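Undergrad: Quick check, what structure comes out for this input:
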Amino acid sequence: MTIIDQGNGAAGPAASDLIKDTTTQTFVKDVIEESKRQPVLIDFWAEWCGPCKQLTPVLEKAVKAAKGKVKLVKMNIDQHPAIPGQMGIQSIPAVIAFVNGQPADGFMGAVPESQLNAFIEKLTKGVTAPGEVNVAEIVQEAEAVLAEGDTAAAAQIYAEALQHDSTNIAALAGLAKCYAVSGAMEQAKQTLAMVPESKRNDPAVRGVQTTIDLAEQAEALGPVAELEQKVAANPLDHQARFDLATALNAQGNRAAATEQLLEIIKRDRKWNDDGARKQLVQFFEAWGGTDDATVEGRKRLSTILFS
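TA: Coordinates of the predicted model:
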């Protein structure tokens, strides 16, 4: 599946919708109520303030660039002194950010453009602009569908997320997991290859990589039935039991795979340099921390290790 980031082409809101002047009478509507929809910056200024005139164009530029994730409301403190007085504004320019009806952050003075952009980026993290696709919600939907076992549908939803954001790590890892679970290991590898090196330690990415590694281990083993016969013939053949656990995991039989590794740990914790416990931890990483088999397996492992 080829994934191309084509964007959604949505136009941002008009500047008049993003930037406005307010008064003492309209402050609650323009700032308090509006901030319950998206963050609002209130810029306290005055005609005689030189730094205010330096800050204003930079501030307006940054707000327009955010495309509706934040709005700017300006208040002339000479014409409307009550609100700044109540808020303890003693010098200008002063910019206060309101979120959900409450002051959340702010700064004073004509800060550099880079600092202002960083301020707005931090303030709007997770905020979706009007007309913008919420990729995080699409990924959550895909995760829910995958958890229900419908890998094909989940893969389509992850691919949709990647059409809007081709670098989304959760979507890349999710799509790779869909491929891995369905046995399409080469496609899983190709998808993981799109993850930047700096993000390879992301838990979701590591989990999929571990799934691929375990599947490749299982390919080199014999049929499950033969491994079961080996273990039955010699219960102390820990390597055969270890191989059986790996093969069972590849078949999706997580409970049985866990059982075999726990049996090795019970019989000989130090076997193969603690190999059974390490393999079980890899299983947990591949399955995910909230998977029922992981939760139950961790409980049983802890009981053995600390009894």
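
Undergrad: what mean pLDDT does the helix or strand hosting residue 207 have?
TA: Element membership for residue 207, per DSSP states H and E: helix 203-219. The predicted model assigns helix 203-219 a mean pLDDT of 93.

Undergrad: Can you list the buried residues in it?
TA: Neighbour counts using 16 or more other C-beta atoms under 10 Å place 204-205, 207-212, 214-215, 217-218 of helix 203-219 among the buried residues. Glycine gets a C-beta too; all of them are placed from N, C-alpha and C.

Undergrad: roughly how far is it from the heart of the chain?
TA: Here helix 203-219 is found 20 Å from its chain centre; the criterion is C-alpha atoms, centre = their mean, to the nearest Å.

Undergrad: Report all helices and strands that that helix contacts.
TA: In terms of contacts (3 or more C-beta pairs under 8 Å, 6 or more residues apart in numbering; DSSP states H and E), helix 203-219 is packed against helix 169-181, helix 185-192, helix 238-250, helix 271-287.

Undergrad: Read off the pLDDT value for residue 254.
TA: Looking at residue 254, its pLDDT reads 95.

Undergrad: so how many other residues sit close to it?
TA: Residue 254: 20 surrounding residues under other C-beta atoms under 10 Å.

Undergrad: Please identify the deepest-packed of the helices and strands packed on helix 203-219.
TA: Burial of those is given as mean neighbour count (mean count of other C-beta atoms under 10 Å); helix 169-181 ranks first at a mean of 25.

Undergrad: Show me what that one is packed up against.
TA: Applying 3+ C-beta pairs under 8 Å, 6+ apart, one finds that helix 169-181 contacts helix 135-147, helix 151-164, helix 185-192, helix 203-219.

Undergrad: With just CA atoms, put the third one into PDB.
TA: Once non-C-alpha atoms are left out, helix 185-192 reads as follows in PDB (Å, rounded to 0.1, in the frame of the first residue of the first chain):
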ATOM      1  CA  MET A 185       5.800  -9.400   7.300                       C
ATOM      2  CA  GLU A 186       7.500  -7.700   4.300                       C
ATOM      3  CA  GLN A 187       4.800  -5.000   4.200                       C
ATOM      4  CA  ALA A 188       5.200  -4.600   8.000                       C
ATOM      5  CA  LYS A 189       8.900  -4.100   7.600                       C
ATOM      6  CA  GLN A 190       8.400  -1.600   4.700                       C
ATOM      7  CA  THR A 191       6.000   0.400   6.800                       C
ATOM      8  CA  LEU A 192       8.300   0.400   9.900                       C
END
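
Undergrad: ok, and what's touching that helix?
TA: With C-beta atoms under 8 Å, 6 or more residues apart in numbering as the test, helix 185-192 has contacts from 1, 172-173, 175-177, 179-180, 205, 208-209, 211-212, 215-216.
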